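Participant: Sharing a model that was predicted from the sequence below.
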Amino acid sequence: MNQVATYAQQLQSLAILYLPRVLMAGVALVVGWWLIGWASRLIAVATSKLDVSLAGFLTSLVNIVLKVLLLITVAGMVGFETTSFVAILGAAGLAVGLALQGTLANFAGGVLILIFKPYVVGDTIESQGKSGEVKEIQIFNTILVTGQGDTVILPNGATSNNVIVNKTAQNKALVEIVADLDNATDLAALRGWAIPLMQADAEVLPTPAPQVVVTALKAGGMTVAFRAYTAAGQNGPTQGRIIEQLQRALAQQGVGSPVPVSHVRTLPAQ
């Protein structure tokens, strides 16, 4: 009988000791859970202008981290030793980070690309020696489609840390046609008909205006570049049309290719 009384007294002491802690921990858990839900909704609104995948990932990540911290805090309020638990979580996080460092680098690169937008879906870019149209920007990779129809998957980590050439960011593309012409070609007359020829193409932009410039001199001839700007994505077809028109016009105008030049050196008789 005395033993039962002792157990009852011990239970009463434990209840007096831990009941306030449990009640406070329960209140903290309920209030904290509600605050985390409110914070998650606030983050979802704040990231609504970002990419849908990135916004959802960030919201879920913050929600999970806050809930883990809340549970650790509540366990500490009740009286559980949380130091070892935190150490275990830290060690596990470090191990996972080391194992997935490449993946985490790609994730960080994807976040930077989606936030700062060096390119968007539909742009034509060149990076890591690959060029093509951006079809999709994922959290870890960027999907390109080349002019040959190949699908190229670029890791976002390497892409964000390397040079990116965005060929459509300015919404214009250069068409440059290079030809070697006779040194005797009248440049003024050449510009007089070549520039209107390029301006007549429906895809050529009025600004910057088309140009005809000499880019190099060589024996018997010169290298001339015919330059015009088109809307992004139209440079390929436009270049093909202008090449055909220039070829016919050069023949009609009698503009020839460089004249071969031979140098003969006569050595004195021995």
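Facilitator: Cool, got the structure.

Participant: Tell me which residues are up against stretch 186-202.
Facilitator: Outside of stretch 186-202, the residues within contact range by CB atoms under 8 Å, 6 or more residues apart in numbering are 181, 204, 206, 209-212, 214, 224, 226, 228, 238, 241-242, 245-246, 249, 253, 255. Heads up, the C-betas are built off the backbone N, CA and C, glycines and all.

Participant: And the strands in the stretch 1-150 of the chain, which stretches?
Facilitator: For the stretch 1-150 of the chain, the strands defined by DSSP state E, counting those that start in this stretch cover 124-127, 130-137, 141-145.

Participant: want to throw these into TSV with mean pLDDT?
Facilitator: Below are the strands of the stretch 1-150 of the chain laid out as TSV (pLDDT from 0 to 100):
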stretch	mean pLDDT
strand 124-127	90
strand 130-137	88
strand 141-145	91
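
Participant: Relative to residue 108, which of these is closest?
Facilitator: Taking CB to CB, strand 141-145 is the member of the strands of the stretch 1-150 of the chain nearest to residue 108, at 13.2 Å.

Participant: Which elements pack onto the closest one?
Facilitator: When contacts are defined as 3 or more CB pairs under 8 Å, 6 or more residues apart in numbering; DSSP states H and E, strand 141-145 packs onto helix 101-116, strand 130-137, strand 151-155, helix 156-160.

Participant: Any buried residues in it, and which?
Facilitator: Within strand 141-145, the residues that count as buried by 16 or more other CB atoms under 10 Å are 141, 142, 143, 144.

Participant: next one: stretch 230-250
Facilitator: 230, 232, 233, 234, 235, 238, 239, 242, 246, 250.

Participant: so who does the residue nearest to the fifth one when sequence neighbours are not counted touch?
Facilitator: Same thing as residue 235. Spatial nearest neighbour of residue 235, chain neighbours left out: residue 173 (3.9 Å); criterion: CB to CB, 6 or more residues apart in numbering. Residues in contact with residue 173 (CB under 8 Å, 6+ apart) are 167, 229, 230, 231, 232, 233, 234, 235.
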